[in-house]
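Q: Sequence first, predicted model second:
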Amino acid sequence: IVVHSQIGFADMLRRIREQLPKSSLVILYRFELDTGILRLPLIHEVFLKNPLLQISSLRHNDTLINQVIHSKEQQRYCRKALLAVDVTEEVLDEAEQTGCDLIITHHPIVFHALKRFNSASYVERCVERAIRRGIALYACHTNLDSAPGGMSWRLAEMLGVEELRVLQPTDPADGRVGFGVVGELPQSMSVRDFMHRIQERLSVQVIRHSELVREQVLRVAVCTGAGASLLGEARRAQADVYVTSDLKYNDFMTPDGAFVVADIGHFESEYCAIDILFDILSKNLFTFAVRKSVNSRNPIGYIVPSKQ
């Protein structure tokens with residue numbers, strides 16, 4: 001599918017959707033800087049036949065994820081992938097140094113249309129550099145959030161939560177598809193001990209939390225990333241603690257004594273994406289090299305009291 005003229009983004013997506021069967025609704029973009037042509041790249045063949053897209057297929061999500069593929073070649077195949085949470089200049093350094101021609105991240109780098117390339121922002125610099133170096137950028141964002149066995153499932157398992165079910169189902173045909181999960185601990189524990197478990201198992205420095213209205217925790221709800229929209233779902237699920245991130249001031253009042261909400265930080269809640277993607281690719285593509293980035297770092301820093 002080739003777009004030769006400038007059209008609205010929504011109109012372009014509508015045209016693409018009309019021409020693709022529902023079972024193949026996987027949209028990857030290649031932007032050719034010298035021609036301005038936006039097209040579906042041949043590189044998608046690498047993914048269409050492996051479990052990465054079986055777990056994170058767009059059919060599990062009505063929201064388009066930004067997936068950017070850069071290549072000026074008509075035929076291109078990737079042989080080595082670097083996994084990270086975000087595309088940054090440090091991650092691109094690592095990709096070049098280790099010979100990775102594909103970077104797979106959880107967060108897309110392009111959220112808004114790029115109207116120019118003049119290195120004015122880190123987004124422009126990274127995209128320009130990826131194009132020049134022939135490095136493909138691929139993002140599994142909200143589709144990986146909502147897929148069975150996806151982000152919230154993995155984080156809950158890391159915290160020892162069992163008997164998981166979806167907090168907000170989005171697919172009537174499959175109750176495992178949706179955002180957030182809720183489940184039970186094998187046995188109840190004090191809320192403070194559970195907070196310490198979060199810090200230890202997820203390497204969380206700081207937890208912002210609402211009033212500790214529960215002494216014991218048994219039922220736990222989890223939503224990775226920004227999860228304020230699921231506060232009502234956590235209440236309806238009768239969770240003792242809701243673990244999420246990116247909460248605003250008033251969000252800490254929303255529980256109103258019904259449960260405890262714990263904001264563990266956006267990056268901290270989604271770092272597990274690297275392990276999810278590594279497991280899928282390394283177990284199913286035996287001739288495809290996969291590397292976990294050592295430069296995938298939290299852009300947010302904390303100043304905490306030093307231990308005396």
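A: Sure thing, it's come through.
Q: so how far is the helix or strand in which R154 is found off the chain centroid?
A: In this assignment (DSSP states H and E), R154 forms part of helix 151-158. Its chain's C-alpha centre and that of helix 151-158 lie 12 Å apart, by CA atoms, centre = their mean, to the nearest Å.
Q: ok, now stretch 182-202?
A: In terms of CA atoms, centre = their mean, the centre of stretch 182-202 is found 23 Å from the chain centre.
Q: swap in stretch 79-99?
A: Taking CA atoms, centre = their mean, the mean C-alpha location of stretch 79-99 is offset from the chain mean by 16 Å.
Q: for stretch 98-108, same thing?
A: 13 Å.
Q: Would you mind measuring the gap between the ends of it?
A: Start-to-end span of stretch 98-108 (CA to CA, to the nearest Å) is 22 Å.
Q: mind listing what's buried in it?
A: Within stretch 98-108, the residues scored as buried using 16 or more other CB atoms under 10 Å are C100, D101, L102, I103, I104, T105, H106, H107, P108. (Each C-beta comes from the backbone N, C-alpha and C, glycine too.)
Q: Run through the strands of the stretch 101-250 of the chain in chain order.
A: Secondary structure of the stretch 101-250 of the chain (DSSP state E, counting those that start in this stretch): strands located at 102-105, 136-139, 162-169, 178-190, 208-209, 216-226, 241-245.
Q: Paired strands for the second one, with orientation please.
A: Take DSSP bridges as the rule and strand 136-139 pairs in its sheet with strand 102-105 (parallel).
Q: tell me the average confidence for the partner strand?
A: Confidence for strand 102-105, expressed as mean pLDDT, is 89.
Q: who's in contact with it?
A: Strand 102-105 is contacted from outside by 78, 80-87, 91-92, 95, 130, 135-140, 273, 277, 281, using CB atoms under 8 Å, 6 or more residues apart in numbering.
Q: The helix holding R154 packs against which elements?
A: Applying 3 or more CB pairs under 8 Å, 6 or more residues apart in numbering; DSSP states H and E, we find helix 151-158 packed against helix 142-146, strand 162-169, strand 178-190, helix 191-202, strand 216-226, helix 273-284.
Q: nearest to A258, of these?
A: Of all these, it is strand 216-226 that lies closest to A258, at 11.6 Å by CB to CB.
Q: Out of the strands of the stretch 101-250 of the chain, which is closest to P305?
A: P305 lies closest to strand 208-209 among those, at 15.8 Å (CB to CB).
Q: Using ChimeraX, define a selection of the buried residues within the contacts of strand 102-105.
A: Selection of buried members from the contacts of strand 102-105 for ChimeraX, criterion 16+ other CB under 10 Å:
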select :78,81,82,83,84,85,86,87,91,92,95,130,135,136,137,138,139,140,273,277,281
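Q: how much space is there between Q97 and L277?
A: Remark: distance between Q97 and L277 (CB to CB, to the nearest Å) = 20 Å.
Q: should've said E233
A: Separation of E233 from L277 (CB to CB) stands at 26 Å.
Q: that older thread, wait, which of the buried residues of stretch 98-108 is closest to S146?
A: Nearest to S146 among those: H106, at 12.8 Å, using CB to CB.
Q: Sketch out the low-pLDDT regions of the stretch 51-200 of the chain for me.
A: Counting by pLDDT under 70, the stretch 51-200 of the chain shows low-confidence ranges at 51-77.
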